[in-house]
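K.L.:
The following comprises the amino acid sequence and a computationally predicted model.
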Amino acid sequence: MSNPIPEFSNFEEFWPFYVAEHSDATNRKLHFIGTSLAMAMAANPLLWPALPIAGYGFAWVGHFGFEKNKPASFKHPFWSFRGDLRMWKKIATGKMKVELERALALYPRPAAT
């Protein structure tokens with residue numbers, strides 16, 4: 001699993017760490033699917049109780065199954081939610097690769113053993 005989550009004083013400091021914690025392409029795809037599903041479900045109030053399952057279910061499979069790290073949402077739930085939405089937009093607009101390169105320069109991933 002990943003290293004301990006550093007302390008941050010605001011979301012903009014947190015964002016590069018959040019991105020680096022999503023360096024695995026499959027993890028990012030699962031986040032995109034889960035966030036898309038949750039956004040679609042949000043239109044129906046009867047589905048609201050299932051929103052966390054839809055959104056976080058896919059994300060946690062991505063973190064534990066592919067990224068092999070602990071989701072930042074455990075320590076920073078609100079910033080992580082905001083990060084999910086920003087990452088969704090960056091993926092949808094094709095701008096996530098640039099964000100990932102910047103983030104990995106600040107928070108390089110450990111080499112696989």
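P.N.:
Sure thing, it's come through. Numbers count the residues shown, from 1 in each chain.
K.L.:
so how far is stretch 73-89 from its chain's centroid?
P.N.:
6 Å (C-alpha atoms, centre = their mean, to the nearest Å).
K.L.:
make that stretch 97-113, sorry
P.N.:
Computed by C-alpha atoms, centre = their mean, the chain-centroid distance of stretch 97-113 equals 14 Å.
K.L.:
three-state assignment of Thr26?
P.N.:
The assignment at Thr26 comes out as helix when based on DSSP: H, G, I helix; E, B strand; the rest coil.
K.L.:
Distance check, the spatially closest residue to it that is not a sequence neighbour against Leu30.
P.N.:
Closest residue in space to Thr26, ignoring its immediate chain neighbours: Phe66 at 4.5 Å, by C-beta to C-beta, 6 or more residues apart in numbering. Glycine gets a C-beta too; all of them are placed from N, C-alpha and C. Phe66 sits 7 Å away from Leu30, taking C-beta to C-beta, to the nearest Å as the criterion.
K.L.:
same check, this time on Lys89
P.N.:
As judged by C-beta to C-beta, Lys89 and Leu30 stand 17 Å apart.
K.L.:
in what helix or strand does Glu7 lie?
P.N.:
For Glu7, there is no host helix or strand (DSSP states H and E).
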